[in-house]
Structure formats: structure tokens, C-alpha cells
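Peer 1: Pasting the sequence and the predicted coordinates here, then a few questions.
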Amino acid sequence: MSHASPLSVVQAQLDAYNAKDIDALLQTYASDAEQFTLHGELLARGHDQLRARFLTRFAEPDLHAKLVSRIVVGNVVTDAELITRNFPEGRGTLEMLCVYEVVHGRIQRASFALGDKVLHAAVTTA
């Protein structure tokens, strides 16, 4: 991926996330990549921590990230996404702002801001 554009790297990351393909996902990240809350705490550093973090999320059967909008400025790609999740309280969605810094064809840093969680009404069968 060393010659891939920041846009194609981030799209490959999103595709791998939605396919729950951990190996393809980690190929989009530098081996020493870091994830943060936006302007805040470190969430994961390096492939081992990223793998554990993603595999926990991939256990959710309804996990899916829908791209709402994307802006590319140089080597920074910012995605607004609507994430479907299986929360302890039930299935729902949340908005997420994802800011990716791509260096040498891999994501070096990613920061995330989370919106409000919206739970979906349970479907009952009669």
C-alpha cells in the first residue's frame, strides 16, 4: 500500500471493517499506528492493541459503518459515519467522526469523536 492514496487507504479500511476482515484491516494501518479519542486519550497503539480492539467490536453481529460524508485534505481523511452496533441495551446506531492521518500509504493516527447513541425499538413477533 505504500503508493496508495490516502483516500484509497481509508476506503480499504472501511471495506475491511464492514467485512470484519481483521488482516485486511490491519494492512491499512502502520505497525505503530495509534488511535485516540478526538483531542484525548490513547485508545490503542500498534497492531496487537488494534487487533484486540477491532476483534471485540467484530463480535457484534450487526456491526456496520455507513459512510455519510468524506473530506480529503492532503494526507488527512475525515469521515462522518453512522455506525450500527449491538450495545448492551440493544441494537442501535451512533454518529462517529473519524479523522485519519495517512503516512507512506498506511494509517498512522486515527482520532474518533462519538455522537449520541440511539437505540432501535425491539421488533416483536406476534
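Peer 2: Done, it's in. Residues are numbered from 1 along each chain as shown.
Peer 1: What segments of the chain are helices?
Peer 2: Using DSSP state H, the helices of the chain run over 6-19, 22-27, 46-58.
Peer 1: Pick the most buried one from those helices.
Peer 2: Mean neighbour count (mean count of other C-beta atoms under 10 Å) peaks for helix 6-19 among those, with a mean of 18. C-beta coordinates here come from the backbone N, C-alpha and C atoms, glycine included.
Peer 1: Now that one: average pLDDT?
Peer 2: Per-residue pLDDT over helix 6-19 has a mean of 98.
Peer 1: Run a quick neighbour tally on V73.
Peer 2: The number of residues packed around V73, counting by other C-beta atoms under 10 Å, is 8.
Peer 1: how much space is there between it and C98?
Peer 2: Per C-beta to C-beta, to the nearest Å, V73 is found 14 Å from C98.
Peer 1: just for the protein, where's the confidence low?
Peer 2: 1-2, 123-126 (pLDDT under 70).
Peer 1: at 50 what do you get?
Peer 2: Under the criterion pLDDT under 50, the flagged ranges of the chain are 1.
Peer 1: Including distance to R91, could the helices of the chain go into TSV?
Peer 2: Shown next, in TSV, are the helices of the chain (distance: least, C-beta to C-beta, whole Å):
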stretch	distance to R91
helix 6-19	16
helix 22-27	22
helix 46-58	14
